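[1] Using only what follows, build the 3D model:
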Amino acid sequence: MPPPDMYKRHDDEVGSSNNPVKFQYQDYQLLHKLYLSNKMKYIDDSFPANFSSIGKGLLSDRDMALVKWKRPPEIVSEPCLVVDGVSRFDYAQGSKLGNCWFLASFGALSCQQDIMDKVIPAEQSFDKDYAGIFHFKFWRFGKWIEVVIDDRLPTINDRLIFVHSRTPNEFWPALLEKAYAKLCGSFADLQGGFVSEALIDFSGGVPMHFDLKEAPANLWNLMESAFKSRTLMGCSTPQGASSKNTVLPNGIVEGHAYTVTGVYKVMSRGQPVRLVRMFNPWAKGEWKGNWSDESSLWMTVSAEDRKNCLSVADNGEFWMSVEDYTKSFDNMDICCLSPDFLDVTSKCSWTSKYYFGQWTFGTAGGSRNNIRTFWTNPQFRVKIEKTDDDCAVGKCPENILVSLTQYKENRHRKQFTNLLICFCVFEIPPEMKAETGKFPVSFFTTQRPLAGTNVFQNLREVMKLFRLEPGEYLIVPCTLNPGENASFVLSVFTKTQCRK
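    The predicted model follows:
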């Protein structure tokens, strides 16, 4: 049993998708009904149309003086939330905000209609029952949160200064960005980040991180399985010598986030070629090497493959070989609701548990270097079941995925400095399986961890996919130093054999 400071969130609790937490206690249904009945347009005083909502460092004093907050009906004559469905080609990044990490997740999100429907609730429009109020849902640190906004958007000379749709009268990208900015504190709080963060906040999934310089041999097969199972994928390029997003001669942008939107295998000159399709959230700027839009290699494949893959539009989307992909990008995140895609042809499934805890006075024991206090860290027991050979190996020999996410209850995303975190996994000896409560300091002086993240990282999430033999284990999440305070979510996925 988990100790009292950790618990599993049930589907019917507040914080589930069907019953999200009301951010700042704002109830969309009540507010919408009130303003509609009074024939008024909603004004959100908690995210006002002024400098505080934009934040520091984004705009010059001159630009700030030119900003006017306008509702979509004041910008165009016939505004729409969505025009002809949601697409990754709908939007382009604003020039004033470096949030490509967030917008790259738009590209992944727009490919998954079921997730998009959860993030952007239905029955919102500028036509029927319009009252200047909209709401969106995000997954934040183990719970779904409903964010209510008014539709006033910052403009200069009647042009949106942050994300905007390529269709002038479509506003879902701008309103979604505003809702996320409100959740994170301000637009400035969206400056800089990791693709995995936004993918998680949109889906409630668990990230699987890959260092592409040490990519596994089966990387493309993993990506193919993820794509077929409609799993979100994003990646980023190494930062160049400057902090600017320099465009390299091959068309790739340094220090930039991209979306993985497809994988495909073609036959070229009698040899199989494994391709990856990428999307640049700038909605322009593409790879210029082999298998790019203008590459002559497309003439070496079948007419059917050209029809299925090739597009010469300068829309930011392009193909490249998996070999060029691993050379051009330095990391990739696969955000899965379940690791089932790893075993798509096996007889296995994955079960999940989410636990919520805190490092506080008395439960923040620090790393194993602090052996006298390490035992005070929260502890979680997990059991690995025995499975038959087909399930034990399958397409994925690993049988457990653990993710640790840290957070603090701070409105502003940029004001939270990540602690150095890690988790350790210990085997519980047979003679100690009957123990209840926390394992004492003596346990940790005699037992060494079998697995874990090994090194401390100052990231919001750390994860590990690995294999354990059948048995019982203890997972201990910890910070580097004793006495460091933060909350955390521990997500544990384990492989089990499907039962008839």
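[2] I'd say residue 387 and residue 469 touch.
    No: Residue 387 is not in contact with residue 469 according to Cβ atoms under 8 Å; the separation is 11.2 Å. C-betas here are computed from N, CA, C, even on glycine.
[3] Which one's more surrounded, these two?
    Shown here are residue 387 and residue 469; by other Cβ atoms under 10 Å, residue 387 has more neighbours (19 against 11).
[4] Can you show me the strands along the stretch 301-450 of the chain?
    Along the stretch 301-450 of the chain, counting by DSSP state E, counting those that start in this stretch, strands occupy 317-321, 331-336, 348-359, 380-384, 400-407, 421-427.
[5] For those, give me JSON lines that also has distance to residue 287 and mean pLDDT.
    As requested, the strands of the stretch 301-450 of the chain are exported to JSON lines (distance: least, Cβ to Cβ, whole Å; pLDDT from 0 to 100):
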{"stretch": "strand 317-321", "distance to residue 287": "5", "mean pLDDT": "95"}
{"stretch": "strand 331-336", "distance to residue 287": "16", "mean pLDDT": "90"}
{"stretch": "strand 348-359", "distance to residue 287": "34", "mean pLDDT": "88"}
{"stretch": "strand 380-384", "distance to residue 287": "42", "mean pLDDT": "94"}
{"stretch": "strand 400-407", "distance to residue 287": "31", "mean pLDDT": "92"}
{"stretch": "strand 421-427", "distance to residue 287": "35", "mean pLDDT": "96"}
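[6] wait, which of the ones you listed is closest to residue 183?
    Of all the strands of the stretch 301-450 of the chain, strand 400-407 sits nearest to residue 183, with 12.4 Å by Cβ to Cβ.
[7] Return the closest one as CSV; C-alpha atoms alone will do.
    C-alpha atoms of strand 400-407 as CSV (Å, rounded to 0.1, in the frame of the first residue of the first chain):
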residue,chain,number,x,y,z
ILE,A,400,7.8,-0.9,-16.7
LEU,A,401,7.7,2.8,-17.4
VAL,A,402,8.1,5.3,-14.6
SER,A,403,7.7,9.0,-15.0
LEU,A,404,8.2,11.6,-12.2
THR,A,405,6.8,15.1,-12.6
GLN,A,406,7.6,18.0,-10.2
TYR,A,407,5.6,21.1,-9.7
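[8] tell me the angle that strand makes with strand 331-336.
    Here strand 400-407 points in a direction 100 degrees away from that of strand 331-336 (axes from the mean of the first three to the mean of the last three Cα atoms, to 10 degrees).
[9] how distant is strand 400-407 from the center of its chain?
    For strand 400-407, the distance from its own C-alpha centre to the chain's C-alpha centre is 13 Å (Cα atoms, centre = their mean, to the nearest Å).
[10] same deal with stretch 31-39?
    Worked out by Cα atoms, centre = their mean, stretch 31-39 lies 34 Å from the chain centre.
[11] Then stretch 108-117?
    Centre-to-centre, stretch 108-117 and its host chain are 13 Å apart (Cα atoms, centre = their mean).
[12] just so I know, which of the strands of the stretch 301-450 of the chain lies nearest residue 209?
    strand 331-336 (5.5 Å).
[13] what pairs with the closest one, and is each one parallel or antiparallel?
    strand 206-211 (antiparallel), strand 232-236 (antiparallel) (DSSP bridges).
[14] so what are the domain limits for the chain?
    Using automatic domain parsing, the domain parsing of the chain gives 21-199, 206-334, 339-497.
[15] Fine by me, thanks again.
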